[in-house]
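1. here is my input; please provide its structure:
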Amino acid sequence: MRYKIIFFILIILLLSVSGCTFIQSTEGPPRKAELAILKQELTRDTEGNVTVLVSVKNVSQVTVELAEVKVSFYDSQDNFIDSLTDSVVNLKPDDTWDFYIGCSGSCQDIKRYDVEVTALSSSGIP
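-> Okay, the predicted model is just below:
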């Protein structure tokens, strides 16, 4: 009977210790993929073609599975002219990428543009 009690106590201790180890090894919530815009610059060539250079950097600690940049172009009355999107896959932490996005609409009238960036990790968390 005495050995059964000792055996029972040892099993309880073993389960307690293994449970604590499991709790310590679990990770918190998935980390968020995040991009920062380092540079955005609108250029026009001699023929009037408009291109926007957007440099983004992965400022998170996870690989950005899909980094997407969308540029929307507007005229002087704030009317929408065109919108284009470009993307890159597997942008590692601290890596940068340059996107060159050209306007394909009535681009001579562009007075402003908006840049949107989206970052997705394999966890699906933006």
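2. show me where pLDDT drops low in the protein?
-> 1-30, 105, 122-126 (pLDDT under 70).
3. what residues sit buried inside stretch 102-115?
-> Buried residues in stretch 102-115, defined by neighbour count with 16 or more other CB atoms under 10 Å: 102-103, 107, 110, 113. For every residue, glycine as well, the C-beta is placed using N, CA and C.
4. rebuild the residues you listed as a markdown table, extending it with distance to V50 and secondary structure.
-> Below are the buried residues of stretch 102-115 laid out as a markdown table (distance: CB to CB, whole Å; DSSP: H, G, I helix; E, B strand; the rest coil):
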| residue | distance to V50 | secondary structure |
| --- | --- | --- |
| G102 | 7 | strand |
| C103 | 4 | coil |
| C107 | 4 | helix |
| I110 | 6 | coil |
| Y113 | 9 | strand |
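5. quick check: the gap between the nearest residue to L120 once chain neighbours are set aside and V56.
-> Closest residue to L120 apart from its sequence neighbours, by CB to CB, 6 or more residues apart in numbering: L66 at 4.6 Å. Plainly put, L66 is 12 Å away from V56 if you go by CB to CB, to the nearest Å.
6. same question, F80
-> F80 is 23 Å from V56, where distance means CB to CB.
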